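Student: Below are the sequence and a predicted model; questions follow.
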Amino acid sequence: DDKRFDLLLNFGIEGVDLSNGVIGQYKLVPTKNMYQFLLIDTINGRVWQIQWSIDDDERGMVGEILLSF
């Protein structure tokens, strides 16, 4: 527990708009890789791959995942 901490993440992800104040619009979902997450916009369905690292220069947004059906 002494290795746990909170960190405010602000990647400045293009297309992510936090100004509308919709609580729960964005959901951070873990993957099987403990360093990779998906950021999902629950309103419009956009998805971004997020990379975690303790090093500032190695964490952030990898890119938007474009889904086609």
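Tutor: In hand now; what should we look at? If you're wondering where the values come from, they're calculated on a predicted model, not measured in any experiment. Numbering: from 1, shown residues only.
Student: Point out where the chain drops to low pLDDT.
Tutor: 1, 5-18 (pLDDT under 70).
Student: Can you give me the distance of the spatially closest residue to Gly24 that is not a sequence neighbour to Lys27?
Tutor: Nearest residue to Gly24, sequence neighbours excluded (CB to CB, 6 or more residues apart in numbering): Thr42, at 6.6 Å. Heads up, the C-betas are built off the backbone N, CA and C, glycines and all. Computed as CB to CB, to the nearest Å, the Thr42 to Lys27 distance reads 6 Å.
Student: Next one: the residue nearest the centre of the chain from Pro30, what distance?
Tutor: Nearest residue to the geometric centre of the chain (CA atoms, centre = their mean): Leu39, 3.7 Å. Distance, Leu39 to Pro30, by CB to CB: 11 Å.
Student: what do you get for Val62?
Tutor: 15 Å.
Student: got it, and Val47?
Tutor: Val47 sits 14 Å away from Pro30, taking CB to CB as the criterion.
Student: again with Phe37
Tutor: Here the criterion is CB to CB. By it, Phe37 lies 6 Å from Pro30.
Student: what residues are shared contacts of the two?
Tutor: By CB atoms under 8 Å, 6 or more residues apart in numbering, Phe37 and Pro30 have no common neighbours.
Student: Tell me where this structure has strands.
Tutor: With strands called from DSSP state E, the chain shows them at 26-30, 36-41, 47-51, 60-65.
Student: Dump these to a markdown table, plus distance to Asn20.
Tutor: Compiled in a markdown table, those are given as follows (distance: least, CB to CB, whole Å):
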| stretch | distance to Asn20 |
| --- | --- |
| strand 26-30 | 11 |
| strand 36-41 | 11 |
| strand 47-51 | 17 |
| strand 60-65 | 19 |
